[in-house]
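Novice: When you get a sec, could you give me coordinates for this:
(2 chains)
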Number of protein chains: 2
Amino acid sequence: MTARTSRRAGGRQARQALRAAPLAKDSRPVHAGLEGGTYKPLTPEGMKRIHQAALDALEQVGLADAPPSGIEIMTRAGAILGDDGRLRFPRALVEDMLAKAAKDITLCGRDPQNDLNLSGNRVHYGTAGAAVHLVDAEGREYRDSTVQDLHDAARIADRLDNIHFLQRPMVCRDIPDNREMDLNSIYACVAGTTKHIGTSFTEPDFVDDGIELLHMIAGGEDKWRARPFVSNSNCFVVPPMKFATESCEVMEKVIAAGMPVLLLSAGMATATAPPTLAGTIVQAVAECLAGVVYVNAISPGHPAIFGTWPFVVDLRSGAMSGGSGEQALLTAGCSQMHQFYGLPGGAAAGFSDAKLPDMQAGWEQMCSNVMAGLSGLNMVYEAAGMHASLLGFCHESLILGDDIIGQALRCVRGIEVTEDAVSLDMMKSVCLGGPGHYLGEDQTLSLMQTEYAYPTLGDRTSPKEWAEVGKPDLVQAAKARKEAILAEPSRAHLDQALDQEIRARFNIHLPT
Amino acid sequence: MTARTSRRAGGRQARQALRAAPLAKDSRPVHAGLEGGTYKPLTPEGMKRIHQAALDALEQVGLADAPPSGIEIMTRAGAILGDDGRLRFPRALVEDMLAKAAKDITLCGRDPQNDLNLSGNRVHYGTAGAAVHLVDAEGREYRDSTVQDLHDAARIADRLDNIHFLQRPMVCRDIPDNREMDLNSIYACVAGTTKHIGTSFTEPDFVDDGIELLHMIAGGEDKWRARPFVSNSNCFVVPPMKFATESCEVMEKVIAAGMPVLLLSAGMATATAPPTLAGTIVQAVAECLAGVVYVNAISPGHPAIFGTWPFVVDLRSGAMSGGSGEQALLTAGCSQMHQFYGLPGGAAAGFSDAKLPDMQAGWEQMCSNVMAGLSGLNMVYEAAGMHASLLGFCHESLILGDDIIGQALRCVRGIEVTEDAVSLDMMKSVCLGGPGHYLGEDQTLSLMQTEYAYPTLGDRTSPKEWAEVGKPDLVQAAKARKEAILAEPSRAHLDQALDQEIRARFNIHLPT
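Specialist: Below is the predicted model:
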């Protein structure tokens, strides 16, 4: 009888009751690791052509500036050192190393619930970058970013369902000593979130301290090696086609320490990469293939992410144009090349050229984020909070980015065309003598929970309701959420005894 | 010598000189009619399943409420009238009519340069809707929309490269008489733009006046029929599975008058359409196939647009959620079904639930616009200016939408992987003893004009430059552009003698 009553009333009571109950994590409409791949900017022929051109580039142009240790490692594997100092890579060597490379890898969170499974076209979104400014959205100001800003970003990201990992988005400019900065960056991230973390080392000499800190946090080297929850974002090349000598030395050290590596090639189309989008992808692929050879010559199957991160320059000014359509295409095209090789891959999307979280920021962040997701990119870096072409990071924007990514993930999930989904039974019962609408149907009630994603701050009120609630401002709402999150204790805080031990060993800048 | 000098300087002088020269229309990076289709949310099996379910629905459920004239027309063609008053459509009838239906159609602009070629996966963006409010972006207010607002929208759209057609986006609420409102809507649009126009008629009786007005503007019936520059947006069904009796009568009249028809089915997923996205597409396709039968039974090959426009309801509130990922998926999925039938098609994208042109508006408008374009949708309706889930239209947002669509079109254009694009010659000359960057290469200079799309108002300054120029506000910049456009005379104004003739015959509310 109740069912019949609510059906007559369009099921409103039933819908309200349902919304009051929390949704189990695995039945949420969107989550980390949804499979993309419905968007394919490259044809199969295009991918083969890019692959062949990349092999040609490795064979004929090669890469300069490998460190002596890298030359030793790679020539022993079969690379050829030319009189011009460049390492060249025969096709067979590249193909051998592709066969040895780790295919399906897991990036661990400190909490195993946050583990990321990088296989197939599974999509994950997170932060990244090295912004030097914190954006004060309300005050419309840019100021130097600090270790506290970084820690706050980690704590906020920890609470956002659609931010799946935290690669360090900001540089701690209040810590002038680079060794201390690297160490404190790790500490600020780890103490703020149990999600997987990415960070980098300025110099090879700083790696040992970082690894020691991670051993302490993990509870010993064996526990760290079993579940390494921090990966190394490594700009191992300086495009075009040169190794970054010191970063390569960092890479050799972190591989020995069991840390996953993001092989990051960040060419700039028209400047440090060719002016055609396809040519830029060729170069990024060639550089990352060199990285695959390097890593697997050191340690076959070591977890590495194929990090083709080409950017775009606006040649009118020489500035980056991260919010452009060209950027979205480069990232999606690279994503397809990762799938071509069957390797876990990452690229940059979701960052904006806008200085503030305004309409431009919204359209730019959505464009590349949704295209990256639809293309099936495993790791979408820079996906939230990033402004001014990577120069500024904004906490309010990070919070709004959670809504953007939630919507992008709903698009990634796609349209399920099962027999049940297209069944005529309901249409018949509704149209042929039924109520003439679908509001009260049982399937409607269950699907509104599992099929539809709802924004957290995105506003869907009518103009009338909106006026009645005082015309809320989106950035103000994000600020309020930020303050609420930061008013609570960090969920990822370290055990007090361990924290004291760490602070006794290292100069930790964050207050206890 | 000059070339060599500029090459040393990174080519800055050459780039500046190039930017000073205007770009020929056909070599612009983006334009109307670019081919989409790289994004395919539906598998071939999924499309077949939707098609079969739609045929089943037409055969077993059918549509109620056809007008007597329509029953006569469609039963004569082979539809079956049931005892329940519903018209049912045998599969063979639908297939016959699909064979007769116009495949490649041209929508004419009053200026032939603005003609739209609706074939293949060619993509065009424009306005649409029936907003009842004009959004004052600066004052954060909603007020009743007027005929002047509509005319201003037309004049602004006429000047925006990436707005390819103007379907009437707002209702003239200052004209209480519906006959006069319909007529003045046509006048306000035509007098504002030479792009293709879409409009609607409230009642069948109002069609004759409208056609008379169009004959006058065209310079005679023969000229109108040769190049009909206004199409009829016709909500010929009331989902689920009912004809809209009066709109059908309008349709019969405009077909007789040679006006192209947009067969618009606007179901609401979970309310007037099934709760699954796939089921909603099935119903929209079934309803539009009924429209194809109807149109082609009247006049085989009459130009008609397959207008599957399903919307989404947020069941928590009963409000529409036009900015949702579900909406973007519905539109892109429908687009693929148009291609399945090889029919020119249209759907809604780019409208926002946000009340103002803020960050939410940006991400919502981009999400569905870029996915619609990548899916190859011929006519992307509601693509700019639309807020509050279709209740409000905003001139500033229309202007900013031009930037959004420009970027979306760049994504539609895609990545060209030609032999030339991946050629190693440049990489060799740059890397092997060359300058180590691509800035001064000849190809770079030419491609920056033809390969890269630049925003008009989107800001790419550095934080430092941005502060120096006073931290410009995006909405203020759009307002300034609006005022500049409206300060100039309309480019589409009617000849004075003709205008007097029209005003003598009809009550035109716009001042001369």
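
Novice: Next, A:Gly129: secondary structure please.
Specialist: For A:Gly129, the assignment made with DSSP: H, G, I helix; E, B strand; the rest coil gives coil.

Novice: Cross-check the contact I'm expecting between it and A:Glu382.
Specialist: Yes. Counting by Cβ atoms under 8 Å, a contact exists between A:Gly129 and A:Glu382, whose distance comes to 5.4 Å. In this view, the C-beta of every residue, glycine as well, is placed from N, C-alpha and C.

Novice: Name the residue in these two with the higher neighbour count.
Specialist: Shown here are A:Gly129 and A:Glu382; by other Cβ atoms under 10 Å in any protein chain shown, A:Glu382 has more neighbours (29 against 21).

Novice: where's that one relative to B:Arg88, distance?
Specialist: 54 Å (Cβ to Cβ, to the nearest Å).

Novice: Same question for A:Val293.
Specialist: A:Val293 sits 65 Å away from B:Arg88, going by Cβ to Cβ.

Novice: of the two, who's got more company?
Specialist: A:Val293 (26 against 19).

Novice: I'd assumed that one was in a helix, is it?
Specialist: Yes. According to three-state DSSP, A:Val293 belongs to a helix.

Novice: And it, how close does it get to B:Val261?
Specialist: Summarising the geometry, the distance separating A:Val293 from B:Val261, computed by Cβ to Cβ, is 61 Å.

Novice: List the contacts of the closest residue in space to A:Met379 that isn't next to it in sequence.
Specialist: In space, and not counting its chain neighbours, A:Met379 is closest to A:Gly346: 3.2 Å by Cβ to Cβ, 6 or more residues apart in numbering or on different chains. Applying Cβ atoms under 8 Å, 6 or more residues apart in numbering or on different chains, we find A:Gly346 in contact with A:262, A:305-307, A:309, A:377-381.

Novice: give me the element A:Gly346 is part of.
Specialist: Mapping A:Gly346 onto the secondary structure by DSSP states H and E places it in strand A:346-348.

Novice: What pairs with that strand, parallel or antiparallel?
Specialist: Paired neighbours of strand A:346-348 in the sheet (DSSP bridges): strand A:379-381 (parallel).

Novice: Show residues contacting the partner strand.
Specialist: The set of residues external to strand A:379-381 that reach it, using Cβ under 8 Å, 6+ apart, is A:116, A:118, A:123-129, A:165, A:167, A:198, A:262, A:305, A:309, A:344-350, A:369, A:372-373.

Novice: Could you point out the helix or strand that follows it?
Specialist: Stepping forward along the backbone from strand A:379-381, the first helix or strand reached (DSSP H and E) is strand A:386-387.

Novice: Run through the helices of the stretch 1-150 of chain A in chain order.
Specialist: Assigned helices in the stretch 1-150 of chain A, in chain order: A:2-8, A:12-20, A:44-60, A:68-77, A:91-100, A:147-158 (criterion: DSSP state H, counting those that start in this stretch).

Novice: which one of these lies closest to B:Arg76?
Specialist: The closest of the helices of the stretch 1-150 of chain A to B:Arg76 is helix A:2-8. By Cβ to Cβ, the value is 39.3 Å.

Novice: Next, work out how far apart the residue nearest to A:Met379 and B:Gln443 are.
Specialist: 29 Å.

Novice: swap in A:Gly440?
Specialist: Taking Cβ to Cβ as the measure, A:Gly440 falls 62 Å from B:Gln443.

Novice: okay, these two: which has more neighbours?
Specialist: When neighbours are counted by other Cβ under 10 Å, A:Gly440 comes out ahead of the other of A:Gly440 and B:Gln443, with 22 against 19.

Novice: Neighbours of the residue in the stretch 1-150 of chain A that chain B sits nearest to, how many?
Specialist: For the stretch 1-150 of chain A, the residue positioned closest to chain B under Cβ to the nearest Cβ is A:Gly46, at a distance of 3.6 Å. A count of neighbours around A:Gly46, defined by other Cβ under 10 Å, yields 24.

Novice: now swap in A:Gly126 and tell me
Specialist: A:Gly126 has 28 nearby residues by other Cβ under 10 Å.

Novice: what pLDDT does A:Ile197 get?
Specialist: Per-residue confidence for A:Ile197 comes out at a pLDDT of 98.

Novice: ok but it is inside a strand, no?
Specialist: Yes. Applying three-state DSSP, one finds A:Ile197 inside a strand.

Novice: isn't it right up against A:Pro169?
Specialist: No. Counting by Cβ under 8 Å, A:Ile197 sits too far from A:Pro169 to count as a contact (11.2 Å).

Novice: next one: phi and psi at the residue lying closest to A:Met448 once chain neighbours are set aside?
Specialist: Nearest residue to A:Met448 in three dimensions, chain neighbours excluded: B:Leu315, at 4.3 Å (Cβ to Cβ, 6+ apart). Recorded main-chain torsions at B:Leu315 are phi -70, psi -10, according to degrees, to the nearest 10.
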